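Student: 3D model of this:
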Amino acid sequence: METLLSFSFFLILMMLVGNLASRGKTGHSAEDYLTAGRSHGKFTIALSAAASAVSGFIMIGAVGAGYTLGITALSMPLGWFFGDLVFWTLFPARINRRAHDSNCNTIPEFISEFSTGKKNSIVRKSLACAVIVFVGLYAVGQFLAAGKAINAVIDIPMTAAIAVSGLVIMTYSANRGLESSIPTQFFQALMMLFTTIGMLTLVIVHGGGFEEVIESVRSVDPNLLVIGGEQAYWVSALLFMGFAGAAFTFNLGTPHLLVRIMATKSPEEAAKSRWIYIGFMQLTWISMSLFGLFMNVFLPDIADPEQALPIFSREILHPVVVGAVMAGIFAAVASSLDGQLLVVSSSFAVDIYPDFYRRMSERYGPRYQSVVTIVVAVVVGVAAVLLQNSTNVFNIVASSASIMGGTIGLAFFITLMRWKTSARALLSALFVGMCVAIVWRHYGLISYILEAAPSFIAGLITHKIVISLTNDPGFSDRRKISPEQT
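Tutor: Numbering: from 1, shown residues only. Have a look, this model is predicted:
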């Protein structure tokens, strides 16, 4: 009962934070709903983007990887660091400036800006469909993870747990959109920091100090402390390179992360958010990887290493603290899920039917978008319920995340760099990138290099070939800009 009360307390806090923060604002427009009025600074944007990006992987997947791969698992966050560093050094200011100049509120609108007329409509709607399908599939997996977090605390059926998680998230996100989502995710990011750093510290203290825990791991299996483990060093090298490439394409192809950069109040603030974002990612990921490694000492016979965090916390912590830890796990999942629901609903409402959206917004204001968000959440939640017993759901989620990098990320990169492009070349590149990602995973090549980078590169090559071989003059940019603006 104490665990349930503690968990419920933090869920209520999540629901209150966003609503209270957004109610302090005067007015509420469609732009407020979609991009929070472009009013947030580096700290809220960086932590909101980071919380939205990491999802439940940090507290579930990273722990499992640390448990099974040992010290080699650190190759993943270290590789991810370099991909993050390239993206956050080169692109946030440019993305924010372009979004401000063109007054774009969604990713498909941002990408399709290069064209006009019918071609603009084709590109925009095609990209909107990609967002709806692939981000929607990603959200299905997050719904399942959120349901599992609730199910671990409250002994209720999985279907009811999914419904509860959906209700919690819709309480703060559907009503006021990104305006409520960003402050809530900022709070969720703080919860995640408290959980990850706190649990790692607790394990080290519980084990008698860092050196004592390391020696205990060595006595269990010395290979856990060897880079590459029982394999060659190239295992770590491939993990490092694969995750560096995946990080770069992930940042470019994750709409719920990109829209937060667009929502920053200035290009300067967007650029300054770099180290806050990267610091959060590295601190939480490395902490949970080490936590998973140390669980080989405390939970040597665990059936599912990805469940080590809740199992260990229940064994040694007071029930009230267990509730806080479980709330941290739920926050990691919910912060990603609410961002995904918002970008899917905005793509459906704004980009698929832009004229209808304008008419409905003029008549009903942001309430129309709120209704669409609720409908999208219900549809995704129902899909999660139907797929809850499927063994392939998380493979689908992993595939969708990689395909986003090879499609949405590819198109975003081309238009952001102001390369000469056309509707034909861009859509051909998207199709090839998607196919390469699917084939790469189907034949198990992800054991060597994750599919995000190969699909991205294949799409770039396809784009270059189509532009070179067709008579379509293409578009570079409709507006003349100064060098300073790039």
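
Student: Surely V131 touches S345?
Tutor: No. In this structure V131 lies outside contact range of S345 using C-beta atoms under 8 Å: 10.2 Å. Bear in mind the C-beta positions are built from the backbone N, C-alpha and C, glycine included.

Student: Now do the same contact list for the closest residue to T284 other than its chain neighbours.
Tutor: Among residues not flanking T284 along the chain, T196 sits closest, at 4.5 Å (C-beta to C-beta, 6 or more residues apart in numbering). Going by C-beta atoms under 8 Å, 6 or more residues apart in numbering, T196 touches I58, M59, L283, T284, S287, M288, F291, G328.

Student: I'd like to know how far T196 sits from G339.
Tutor: Distance of T196 to G339, given as C-beta to C-beta, to the nearest Å: 20 Å.

Student: so where's the stretch 251-400 of the chain shaky on pLDDT?
Tutor: In the predicted model of the stretch 251-400 of the chain, residues 390-398 satisfy pLDDT under 70.

Student: Figure out how far stretch 329-342 is from the centre of its chain.
Tutor: 8 Å (C-alpha atoms, centre = their mean, to the nearest Å).

Student: Please apply the same query to stretch 96-110.
Tutor: On C-alpha atoms, centre = their mean, the centre of stretch 96-110 falls 20 Å from that of its chain.

Student: what's the nearest residue to M76 if we skip its chain neighbours?
Tutor: F243 (4.9 Å).

Student: er, S455 I mean
Tutor: G406 (2.9 Å).

Student: Looks like the one you found contacts G459 (just checking).
Tutor: Yes. With contacts counted by C-beta under 8 Å, G406 reaches G459, the gap being 5.7 Å.

Student: shared neighbours of those two, anything?
Tutor: G433, V436.

Student: can you pull the contacts of D355?
Tutor: No contacts exist for D355 under C-beta under 8 Å, 6+ apart.

Student: How about L13?
Tutor: Here L13 is in contact with F187 (criterion: C-beta under 8 Å, 6+ apart).

Student: sec struct for it, please.
Tutor: helix (DSSP: H, G, I helix; E, B strand; the rest coil).

Student: And it, how close does it get to S336?
Tutor: Applying C-beta to C-beta to L13 and S336 gives a distance of 18 Å.

Student: Pull the number of nearby residues for the nearest residue to K265 once chain neighbours are set aside.
Tutor: Once flanking residues are discounted, K265 sits nearest to S39: 5.3 Å by C-beta to C-beta, 6+ apart. Residues lying near S39 (other C-beta atoms under 10 Å) number 14.

Student: pLDDT score for S39?
Tutor: Among the per-residue scores, S39 shows a pLDDT of 78.

Student: wouldn't it be in contact with P183 here?
Tutor: No. Using C-beta under 8 Å, S39 is not in contact with P183; the gap is 11.3 Å.

Student: Could you list the buried residues of stretch 305-322?
Tutor: P305, E306, Q307, A308, L309, P310, I311, F312, S313, L317, V321, V322 (16 or more other C-beta atoms under 10 Å).

Student: how about T421, phi and psi?
Tutor: phi -150, psi 170 (degrees, to the nearest 10).

Student: Distance check, the most centrally placed residue in the chain against A303.
Tutor: For the chain, A53 is the residue whose C-alpha lies nearest the centre (C-alpha atoms, centre = their mean; 2.7 Å). As judged by C-beta to C-beta, A53 and A303 stand 29 Å apart.

Student: Kindly report the same for S422.
Tutor: In terms of C-beta to C-beta, S422 sits 53 Å off from A303.

Student: neighbour count winner among these two?
Tutor: S422 (20 against 7).

Student: wait, isn't that one in contact with S468?
Tutor: No. At 11.4 Å, S422 and S468 do not qualify as touching, with contact defined as C-beta under 8 Å.

Student: Check the average confidence over stretch 181-195, would you?
Tutor: Stretch 181-195 comes out at a mean pLDDT of 87.

Student: Identify the residues contacting it?
Tutor: Contacts for stretch 181-195 (C-beta under 8 Å, 6+ apart): 10, 13-14, 17-18, 21-22, 36, 40, 43-45, 47-48, 50-52, 54, 58-59, 172-173, 260, 263, 280, 283-284, 324-325, 327-329, 331-332, 334-335, 338-339, 342.

Student: ok, how many other residues are close to G56?
Tutor: 25.

Student: Which residues are in contact with it?
Tutor: Here G56 is in contact with Q142, A145, A146, A149, I329, A332, V333, S336 (criterion: C-beta under 8 Å, 6+ apart).

Student: tell me which strands and helices whatever helix or strand I329 lives in is in contact with?
Tutor: I329 is part of helix 319-346, with elements assigned from DSSP states H and E. Counting contacts by 3 or more C-beta pairs under 8 Å, 6 or more residues apart in numbering; DSSP states H and E, helix 319-346 is packed against helix 2-23, helix 42-54, helix 136-153, helix 158-176, helix 178-206, helix 255-262, helix 308-316, helix 367-386.

Student: can I get those helices in TSV with distance to E268?
Tutor: TSV is the format used below for the helices and strands packed on helix 319-346 (distance: least, C-beta to C-beta, whole Å):
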stretch	distance to E268
helix 2-23	23
helix 42-54	9
helix 136-153	31
helix 158-176	26
helix 178-206	18
helix 255-262	13
helix 308-316	38
helix 367-386	29
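
Student: That's all I had, so thanks and see you.
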